[in-house]
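Student: Requesting a structural model of the entry that follows:
(one chain, ligands or ions: 2)
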Amino acid sequence: MSTKQPRVIHLADYQVPDYLIDETHLSFDLHEDHTLVQARLVMRRNPAAGDGLPVLMLDGQDLELLSVVLDGKPFLDYQLDEDHLSLQPNAEAFTLETQVRIHPESNTALEGLYQSGSMFCTQCEAEGFRKITYYLDRPDVMSLFTTKVKGERKRYPVLLSNGNPIAQGEEGSRHWVTWEDPFKKPAYLFALVAGDLWCVEDSFTTCSGRKVALRIYVEPENIDKCQHAMDSLKKSMRWDEEVYGREYDLDIFMIVAVNDFNMGAMENKGLNIFNSSAVLAKAETATDAAHQRVEAIVAHEYFHNWSGNRVTCRDWFQLSLKEGFTVFRDAAFSADMNSATVKRIEDVAFLRTHQFAEDAGPMAHAVRPESFIEISNFYTLTVYEKGSEVVGMLHTLLGPKAFRKGTDLYFERHDGQAVTCDDFVKAMEDSSGLDLTQFKRWYSQAGTPRLAVTGQYDAQTKTYTLNFSQSCPATPGQPEKLPFVIPVALGLLDAQGQELPLHLAGESAPRGGHAVFSIDQAEQSLVFINIPEEPVPSLLRGFSAPIKLSFPYTQDQLLFLMQQDSDGFNRWEAGQQLAVQSLQTMIAQVQRKETPILNQRLIQAYDALLQDTSLDQAMLAEMLNLPAEAYLAEIATVADPLAIHAARQAARQAIAEALFDSLWLRYQHNREVSRQTPYVAESEHFARRALQNAALSYLMLTERPEVLAACLVQFQTADNMTERFAALAALVQSPFEAERETALADFAHEFKDNPLVMDQWFSVQATSPLARALERVQSLMGHSAFTLKNPNKVRALIGAFAGQNHAGFHRVDGAGYRFLADRVIELNGSNPQIAARQLTPLTKWRKYAPERQQQMKAELERILNSGNLSPDVYEVVTKSLA
Ligand code: B3K
Ligand code: ZN
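Tutor: Ligands and ions are numbered 1, 2, ... in the order given. Below is the predicted model:
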């Protein structure tokens, strides 16, 4: 590991590259104990960079340099440091050839070229290409690539890279294939795969009639789990043509599944590399949630072909240009494929719980950050999810037509370029005529804005006034904020739940019953006229901006909105607010050592929902789901995780007892339909199973024998993982120790050879609220299916425990914190990216009471002093302690 001082990189220091690389010709010679990489770079001085011939500094890390040849002649007059190869060119244009030796077989960081099981694969984004060869490893250097891959024919029958195969040959026991990518790309989109892989093949005919070969490559035992990803890919390709007018551009599109992967997947040009968890899915081994995740990630990576690859980022500060936009695109796709309201509810719940916490913590940064030490730490919820909300607000403000005009203009104007978030917004301005200068503060100011709203009805003048007051808390490096442009979608409901016409004073006509208003001042009012009675406002419909809105609703008003609002999202939201109020009361009761009592009116409201058979079942399942512990912690001033857990458990218990009959009826009915229906990975079936399993989870809390029996039957006889796993989870959280342990053992025995199912098995135990969860996690680390080398295993056991098992992780003796710090110290040496990610729960120390703060800080300090920190871990730890 490097010993040098971590360096801070600033957006303000951006300069265009001194040199360009027009062509990149790579040759890989793969061996078991090393790999040789030859690179021939056809380079020239960048005309946009000024006069003279500055020193050429190529990025490179952990490379053993074997030779340098400049314009055909061996060249020795170069300098090497830990991160660069520097030399002085003597012409405007030149060809540079290097040869290096690298060691993929011992690359545990899973960045650059590495081995996963018996295959070779790459991960280059953001700065992994410099671990493969000396290069200008920055996204604004775009080049045409050819790649020759050579290896043992027997071990590596499949040799892949970007683009189209153009030549192949044999050399004794070895063979080679050369690939050519006809599109210019930055090095981060480079990919190589070699292995004994099987593939599922299909084709797609594009809107202009071109036939594209589609291939999904997997290890042979997974060949039966590719169909869902293939179907998802074809749906994505069609959707992007229909909704964005984007056609695929190569003759072949490949996906490869690998087991050891730091994140979900990677959009390398024509050769996407996926974490196997984001590709493989079939009824017997993957839940509905896993199927939906595969569909969403396949779509996301495919959509990057335009939003990311054809038009890429100028520098890594612009990451949200491609990520925020692509998340927005994949969310709209998922909404179209499934229930749009449920998708929105899930996304908002996730954003409010996790991104809002990030925005309020020590790592808070703007959607376009100003500086970083390690770019890998900035693949964040802010850049992705809040970035997507920012694009969503543009969509809301412009309307769908002008937005589409804007994206067309953006793609056309910048095809083949590396551009900035400003360029994206400019295309939106040019397509709509709107001035988005103030709107752009969403890119530069961190923190979650607050919008306090009050309403005043004047019966005399029949006017209703909404008063808005916005503010935004200070974040690291940004003490003061200027007002944001906040699009507030709203309706005003009369006593029957009908939308009243929204007629602003001073305007000639109403805007209809639902409209979007831009709130762009610190204090602002909207006066509506011709309002016959005091309305109930339905505010921020569909969560039209990523903010914290408050309105002094009475309980009656919330119950009314929960039942009457025509905006499905706000129906859910009203129920959540009511539940939050009641849970906050219960948390205080637990803290005072009183019996926590759930609000009876919430129970009645849930009962009414359960009786309503016209309500979408997925929506019903969402509405019955109480706010998560993590969310209750996020909105608390001082979070008390044990009280939060106890209060929420008590609330769930009370709901289960009070609504037993309705839940049992809905459960039995849906279970019977599931029993008679073959598994289908489609929306209506997801909905039925979601309600069935939500009901089962409540019912099991009553500990009634008929429920236990039904749960065991579901676990033992269901033909799909969704039902089996839901039953297992309910058992694991139950006090039925014998049944629980038998089920866990049976499950592990049955799925011992399926690593993805075993991940689920680890997680369900790591997140169990039962006592001694930490001890169980510690003992599971010794299980034969567990290894710290595999990121999925780390996430399934350690990440799930520290991130989701609040009662276990925050136990009073601080053992949860010590455990996590120890794992981070271990992982720092082998996989810094994963180590830094796992740290997140400790970075939230300011949320807790003083004793916990001390314990958590002490662990952060212990990590800091453990020596030899990677830049990844160093950055997170130091910023957290600052
Ligand atoms: N672009 C990749 C993420 C790369 C992360 C590098 N540390 C996946 C995605 O967002 O599509
Ligand atoms: Zn992405």
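Student: Contact residues of the protein facing ligand 1?
Tutor: 125-126, 263, 265-267, 300-301, 304, 323, 376, 379 (C-beta under 6 Å from any ligand atom). All C-beta atoms are positioned from the backbone trio N, CA, C, and that covers glycine.
Student: What about ligand 2: which of those residues touch it?
Tutor: Restricting the residues of the chain next to ligand 1 to those within reach of ligand 2 (C-beta under 5 Å from the ion) leaves residue 323.
Student: Show me the residues of the chain next to ligand 1 that map onto strands.
Tutor: Counting by DSSP state E, those place 265-266 in strands.
Student: pLDDT and neighbour count added to the residues of the chain next to ligand 1, as a markdown table?
Tutor: As requested, these are exported to a markdown table (pLDDT from 0 to 100; neighbours: other C-beta atoms under 10 Å):
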| residue | pLDDT | neighbour count |
| --- | --- | --- |
| 125 | 99 | 24 |
| 126 | 98 | 19 |
| 263 | 98 | 18 |
| 265 | 99 | 23 |
| 266 | 99 | 25 |
| 267 | 99 | 23 |
| 300 | 99 | 26 |
| 301 | 99 | 24 |
| 304 | 99 | 25 |
| 323 | 99 | 24 |
| 376 | 98 | 25 |
| 379 | 98 | 18 |
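Student: From the residues of the chain next to ligand 1, pick the one nearest residue 191.
Tutor: Nearest to residue 191, judged by C-beta to C-beta, of the residues of the chain next to ligand 1 is residue 266 at 7.4 Å.
Student: Check the burial of the closest residue to ligand 2 within the stretch 351-500 of the chain by counting its neighbours.
Tutor: Closest to ligand 2 within the stretch 351-500 of the chain is residue 384: 7.2 Å, counting by C-beta to the ion. By the measure other C-beta atoms under 10 Å, the count of residues near residue 384 is 21.
Student: show me the contacts for the residue in the stretch 1-150 of the chain that ligand 1 sits nearest to.
Tutor: The stretch 1-150 of the chain approaches ligand 1 most closely through residue 125 (4.1 Å), counting by C-beta to the nearest ligand atom. Contacts for residue 125 (C-beta atoms under 8 Å, 6 or more residues apart in numbering) come out as 188-189, 266.
Student: Got phi/psi on the residue nearest to residue 117 when sequence neighbours are not counted?
Tutor: Among residues not flanking residue 117 along the chain, residue 259 sits closest, at 5.8 Å (C-beta to C-beta, 6 or more residues apart in numbering). Per-residue torsions, residue 259: phi -80, psi -30 (degrees, to the nearest 10).
Student: Check residue 97 too.
Tutor: Main-chain torsions, residue 97, degrees, to the nearest 10: phi -120, psi 130.
Student: Quick check: closest non-adjacent residue to it.
Tutor: Residue 97 sits nearest to residue 69 (C-beta to C-beta, 6+ apart), 4.0 Å away.
Student: Residue 107 now?
Tutor: residue 114 (3.8 Å).
Student: where does the one you found land in three-state SS?
Tutor: strand (DSSP: H, G, I helix; E, B strand; the rest coil).
Student: Please identify the residue of the stretch 101-250 of the chain positioned nearest to ligand 2.
Tutor: Nearest to ligand 2 in the stretch 101-250 of the chain, going by C-beta to the ion, is residue 125, at a distance of 8.9 Å.
Student: still on that earlier bit, what residues are up against the residue of the stretch 351-500 of the chain closest to ligand 2?
Tutor: By C-beta under 8 Å, 6+ apart, the residues touching residue 384 are 320, 323-324, 327.
Student: at 10 Å what do you get?
Tutor: With C-beta atoms under 10 Å, 6 or more residues apart in numbering as the criterion, the residues that contact residue 384 are 300, 319-320, 323-324, 326-328, 351, 355, 367.
Student: now, among the contacts of residue 125, which is nearest to ligand 1?
Tutor: Of those, the one sitting nearest to ligand 1 (C-beta to the nearest ligand atom) turns out to be residue 266, at 4.9 Å.
Student: Next, count neighbours for the closest residue to residue 855 other than its chain neighbours.
Tutor: Nearest residue to residue 855, sequence neighbours excluded (C-beta to C-beta, 6+ apart): residue 814, at 3.8 Å. By the criterion of other C-beta under 10 Å, residue 814 has 17 neighbours.
Student: Could you pull up the residues touching residue 814?
Tutor: Residue 814 makes contact with 821, 851-852, 854-856, 858-859, according to C-beta under 10 Å, 6+ apart.
Student: What of residue 605?
Tutor: Taking C-beta under 10 Å, 6+ apart, one finds 555, 558-559, 562-563, 574-575, 578-579, 599, 623 in contact with residue 605.
Student: Tell me the one of these nearest ligand 2?
Tutor: residue 623 (30.7 Å).
Student: gap between the residue nearest to residue 855 and residue 853?
Tutor: 11 Å (C-beta to C-beta, to the nearest Å).
Student: can you list the contacts of residue 605 in TSV and add secondary structure, neighbour count and pLDDT?
Tutor: Shown next, in TSV, are the contacts of residue 605 (DSSP: H, G, I helix; E, B strand; the rest coil; neighbours: other C-beta atoms under 10 Å; pLDDT from 0 to 100):
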residue	secondary structure	neighbour count	pLDDT
555	helix	15	97
558	helix	23	98
559	helix	19	98
562	helix	24	98
563	helix	15	95
574	helix	25	98
575	helix	25	98
578	helix	21	98
579	helix	26	98
599	coil	18	97
623	helix	23	98
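Student: Work out for me the element residue 759 sits within.
Tutor: helix 755-766 (DSSP states H and E).
Student: now that helix: mean pLDDT?
Tutor: The pLDDT scores in helix 755-766 average 98.
Student: so who does the closest residue in space to residue 743 that isn't next to it in sequence touch?
Tutor: Distances taken as C-beta to C-beta, 6+ apart place residue 731 nearest to residue 743, at 4.9 Å, with adjacent residues excluded. Contact analysis of residue 731 by C-beta under 10 Å, 6+ apart lists 700, 708, 711-712, 714-715, 737, 739-744, 747, 764, 768.
Student: Give me the buried subset of those.
Tutor: 700, 708, 711-712, 714-715, 739-740, 743-744, 747, 764, 768 (16 or more other C-beta atoms under 10 Å).
Student: that older thread, model confidence at the residue nearest to residue 855, what's the number?
Tutor: The score at residue 814 is 98. That number is its pLDDT.
Student: And it, how close does it get to residue 361?
Tutor: 20 Å.
Student: what's the answer for residue 437, then?
Tutor: Note on residue 437: its distance to residue 361, by C-beta to C-beta, is 29 Å.
Student: Compare these two and say which is more crowded by neighbours.
Tutor: residue 361 (19 against 10).
Student: List the contacts of the more buried one.
Tutor: 475-476, 634, 840, 843-847, 879-880.
Student: could you pull out the helices for the stretch 401-550 of the chain?
Tutor: 421-432, 441-444 (DSSP state H, counting those that start in this stretch).
Student: how about JSON lines for those helices, with mean pLDDT and distance to residue 102 added?
Tutor: Below are the helices of the stretch 401-550 of the chain laid out as JSON lines (pLDDT from 0 to 100; distance: least, C-beta to C-beta, whole Å):
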{"stretch": "helix 421-432", "mean pLDDT": "99", "distance to residue 102": "34"}
{"stretch": "helix 441-444", "mean pLDDT": "99", "distance to residue 102": "37"}
